[in-house]
Structure formats: C-alpha cells, structure tokens
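Engineer: below: sequence and its predicted model.
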Amino acid sequence: AQKVTQAQTEISVVEKEDVTLDCVYETRDTTYYLFWYKQPPSGELVFLIRRNSFDEQNEISGRYSWNFQKSTSSFNFTITASQVVDSAVYFCAPGGGATNKLIFGTGTLLAVQP
Amino acid sequence: DVKVTQSSRYLVKRTGEKVFLECVQDMDHENMFWYRQDPGLGLRLIYFSYDVKMKEKGDIPEGYSVSREKKERFSLILESASTNQTSMYLCASTNTKGAFFGQGTRLTVV
C-alpha cells in the first residue's frame, strides 16, 4: 500500500528565510507521480508541483524547488525567501499508477513570521 | 479553468440522519475521490471511482457509501450520520496531471 511520511508537523520561520519540507513515501507502483499541494487558511487545496518517477532531475520554479531521490524515496520541497503568504499546510502525495489515486501525508504546517 | 464543485460549504445534520454530499466536475475525468480531513490526520481516502457505476473502498470506508451514476457526479452518502463523522470532506477528480479539489464541505453532526 502507498504511504507517506511528513515527519515535520510544524515549522516556523522568519520571512525571507529558506525552508525545506521533507517527504518520504512508499509505493508499490513502478511508475508514479509525486505531488505537493498547499492548503492556505481558506481551506482549498492548491496544486504546486508534480514530478514523474522516471525523472529525477531537480528543478526550480520561481521560489519553489524540489529534490527528488528515488533511491531513498524522498521528495523534499524548498521555498526560497519565504513570505508571509506562504503560511499554509503543505501536503506531499504520491499517486498515479492504474487509478491515479493520490495518498496524502499528514501535512506540515508552515508559519512564516513577518 | 478546471472546476470541481461541492454542493454545500457547511452542513449541520442530526445523529441518525441520512446525509448526501454531492460533487460535480466539468473536466470529463474518469477518476473521482472522496477524502475526509481531520486535524493531525491529513487527508484520508474514503472511496474512489474510476468509471461510471464503479467504486473502490479507500482506507476508511466504514459508515459511508458512494454513488456514481454519471461521469461528472460522485456522491458520498452517510447512511446514518454519527458524531464521529463530523469532519471536512473533500472531493477530487484526477488525471495524470494531478488532483483537482472542490472547496470542501464542513459537516457537523450533532
């Protein structure tokens, strides 16, 4: 069965600091996707990034970057120069396979202080 | 823009009532999901459907059933609501690009 571990329950940083959110996953699928979602206080889940399990090249998109290491089943997410508006709960989710089912971690609450 | 719409943002129901939560998507996705979200537990999968009239149990299906008569609509049913079903319910439809979520329904059972 799929499983996701987000060991960091809460993180508090000061604005402009960089912050990395950790994610370790388990899946039986040989090909899959990995996602990060953000849930601001308004409650809606917002898609952030997607990574195909075939592609371990790490990328940067604006202030977001991610580090995918298939050998350790980790998919960490970094926000550079954090802002107060980044305050939210962040969820890591492996998914795809035959049913495109997403399994979510318990989330990491990020608080960015001004 | 893709759209997933849940019929209610807030609901208050009495213990023992039959409750219907409706979800509609306009993206022609085959896969639809119901999750519940509780503090400290993240999103837990209740049921999913990968085609009309097809359904699969998720991790916590007890006390729930679902209905998918049309591709765009996926209903979650609480046959006899109980107080431990008070939660935020999130509907999603997916393709390989990811999951698209509705705004959520906060259900309170009193």
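Structural biologist: Great, that's in hand. Note that the structure is a prediction, hence the values are computed from the model and not measured.
Engineer: what about residue 84, neighbour count?
Structural biologist: Went with chain A since none was named. Residues near A:Val84, counting by other CB atoms under 10 Å in any protein chain shown, number 10. C-beta coordinates here come from the backbone N, C-alpha and C atoms, glycine included.
Engineer: chain B, not that one
Structural biologist: 9.
Engineer: is chain B within reach of the worst-scoring helix or strand of chain A on mean pLDDT?
Structural biologist: Ranked by mean pLDDT, DSSP states H and E, the weakest helix or strand in chain A is strand A:60-61, scoring a mean of 74. No. Looking at strand A:60-61 against chain B by CB under 8 Å from any CB of the partner chain, there are no contacts, and the closest approach is 14.6 Å.
Engineer: adjacent strands (with direction) for that strand?
Structural biologist: strand A:64-69 (antiparallel) (DSSP bridges).
Engineer: in the strand it pairs with, which residues are buried?
Structural biologist: A:64-68 (16 or more other CB atoms under 10 Å in any protein chain shown).
Engineer: and it, average pLDDT?
Structural biologist: Here strand A:64-69 scores 89 as its mean pLDDT.
Engineer: quick one: the strands in the chain, in order.
Structural biologist: I'll assume chain A. Applying DSSP state E to chain A gives strands spanning A:3-5, A:10-14, A:19-21, A:24-26, A:33-39, A:46-52, A:60-61, A:64-69, A:74-79, A:88-95, A:108-113.
Engineer: chain B is the one I meant
Structural biologist: Under DSSP E, chain B gives strands at B:4-6, B:10-13, B:19-21, B:23-25, B:31-38, B:42-51, B:54-57, B:64-70, B:73-78, B:87-95, B:98-101, B:105-109.
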